[in-house]
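> Sequence first, predicted model second:
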Amino acid sequence: MKELPPDLAAHLATGVTTLCWCWRLTRRDETRQGFTDHDRDLVFDGTTFEAAAGFTASEIKDAVGLSVDNLEVTSALKSERLEEADLAAGLYDDARVEIFRVNWEAPAQRVLMRAGSLGEVKRAGGAFTAEVRGLAHYLQQPKGRLFQYACDADLGDARCGIDLDVPGFRGTGAVLTVASARRFTAAGLEAFASGWFTHGLLTFTSGAALGQAIEVKLHSKAGAVVTLELWQPARLPLAAAQTFTVSAGCDKQLGTCRAKFANAASFRGFPHMPGNDFLAIVSRPGSASN
């Protein structure tokens, strides 16, 4: 049961209330933003809760056991601090969400109703709908190691052991021409073979996308023309002369680990596990195992 602060409980007991909802988003880069359905800004706990964002929320669905509580928040993209490009670029993925019930006449009278994180975000025109998931959804995420053919280490981490600062494993380049927020030609990578950076990590070092890191979907080279395609859109505007660094890519296969990185001894997959063909053979009537 939710325990209310005494002053808020006294306010509710009067029968005439001045209540509103406040939402606080904390992105993974620790940027905090506040929004409210009240008609003027509120300030508490070091956060300004903006009234111009037009947030509305569905009813909160509570579930028993370890099922995930959720609700949906809908808003128009008209806040100066909430931009469509940032949503598209994934800056709000898994952002922490806190939902407060607040007495707008005395914001110190408030209670935290829910805490969770942003899930699926849908955009349509100038509006968006975001799913807010309860904290129980983290209990449904895989933890620990998985028995699988592919390596489960991240290239360059302590389990992998590869030093990505070695010149052969890292490139520095600049955008030449822009085809879309995900695809562009680049200068500075001509010395690397086609596909070398496929599955690698590209980090922008200037421009609107400064600091944004995105996995490379495809690195191709045709003559002197180097093209990079990203899995997710970069923050716009993406323009010529924006600089970036990019690390070599790994498809998590033993052959790549051995041939490209000479690192088979640190491979973190299980490439010799018996597969479906083996199971079909041993279960066949008259096989040796029977």
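Arrived safely.
> what's the domain layout of this protein?
With domains defined by automatic domain parsing, the chain comprises 6-140, 167-247.
> gap between the two ends of the first one?
With CA to CA, to the nearest Å applied, domain 6-140 spans 36 Å between its terminal residues.
> again with the shortest one
Between the opening and closing residues of domain 167-247 lies a distance of 10 Å (CA to CA).
> From the chain's centroid, how far away is it?
20 Å (CA atoms, centre = their mean, to the nearest Å).
> Please work out the average pLDDT along that domain.
The pLDDT scores in domain 167-247 average 94.
> The residue most central in space within the chain sits in which helix or strand?
With distances taken as CA atoms, centre = their mean, residue 93 lies nearest the centre of the chain, 3.9 Å away. Assessed by DSSP states H and E, residue 93 sits outside every helix and strand.
> Verify the stated contact: it with residue 131.
No - in this structure, residue 93 is not within contact of residue 131 by CB atoms under 8 Å, at 11.7 Å. Just so you know, the C-beta spots here come from the backbone N, C-alpha and C atoms, and that holds for glycine as well.
> Might you list the low-confidence residue ranges for the stretch 51-200 of the chain?
Residues of the stretch 51-200 of the chain that meet the criterion pLDDT under 70 lie in 52-85, 87-89, 120-128, 137-138.
> Tell me which stretches of it form helices.
84-88 (DSSP state H, counting those that start in this stretch).
> hey, where'd the strands end up in it?
Counting by DSSP state E, counting those that start in this stretch, the stretch 51-200 of the chain has these strands, from start to end: 56-57, 70-76, 96-103, 110-124, 127-134, 170-178, 183-187.
> Now render those as a markdown table, adding distance to residue 251 and mean neighbour count.
Formatted as a markdown table, the strands of the stretch 51-200 of the chain follow (distance: least, CB to CB, whole Å; neighbours: other CB atoms under 10 Å):
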| stretch | distance to residue 251 | mean neighbour count |
| --- | --- | --- |
| strand 56-57 | 42 | 14 |
| strand 70-76 | 35 | 18 |
| strand 96-103 | 33 | 20 |
| strand 110-124 | 28 | 16 |
| strand 127-134 | 31 | 19 |
| strand 170-178 | 18 | 18 |
| strand 183-187 | 20 | 19 |
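> for the ones you listed, which one sits closest to residue 10?
The closest of the strands of the stretch 51-200 of the chain to residue 10 is strand 96-103. By CB to CB, the value is 10.3 Å.
> So which other helices or strands are in contact with the closest one?
helix 6-13, strand 19-26, strand 110-124 (3 or more CB pairs under 8 Å, 6 or more residues apart in numbering; DSSP states H and E).
> coming back round to it: for the domains of the chain, give me TSV that also has distance to residue 258.
Shown next, in TSV, are the domains of the chain (distance: least, CB to CB, whole Å):
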stretch	distance to residue 258
domain 6-140	33
domain 167-247	15
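> Quick one: closest of the ones you listed to residue 153.
Using CB to CB as the measure, domain 167-247 is the one of the domains of the chain that comes nearest residue 153, at 13.4 Å.
> Neighbours of residue 250, how many?
Residue 250 has 23 neighbouring residues, counting by other CB atoms under 10 Å.
> again, but for the one 5 residues further on
By other CB under 10 Å, 10 other residues sit near residue 255.
> what's the spacing between it and residue 14?
Per CB to CB, to the nearest Å, residue 255 is found 72 Å from residue 14.
> Pull out the buried residues from stretch 226-241.
226-228, 230, 233-236, 238 (16 or more other CB atoms under 10 Å).
> Pick the one among the residues you listed closest to residue 281.
Closest to residue 281, out of all of the buried residues of stretch 226-241 and judged by CB to CB, is residue 230, at 42.4 Å.
> is it true that that closest one touches residue 213?
No - here residue 230 does not reach residue 213: they are 10.2 Å apart, not a contact under CB under 8 Å.
> which neighbours do those two share?
residue 202 (CB atoms under 8 Å, 6 or more residues apart in numbering).
> So what sits opposite residue 49 in the bridge?
For residue 49, the beta-bridge partners are residue 34, residue 42 (DSSP bridges).
> Helix or strand: which one has the spatially closest residue to residue 180 that is not a sequence neighbour?
Distances taken as CB to CB, 6 or more residues apart in numbering put residue 233 closest to residue 180, at 7.7 Å, once the chain neighbours are dropped. Counting by DSSP H and E, no helix or strand carries residue 233.
> ok, now residue 3?
Counting by DSSP H and E, residue 3 is part of no helix or strand.
> residues contacting it?
Residue 3 touches nothing, counting by CB under 8 Å, 6+ apart.
> Start the count at 20 instead of 1 going forward.
Sounds good: first residue 20 from here, last item residue 22.
> Nice, that's everything, thank you.
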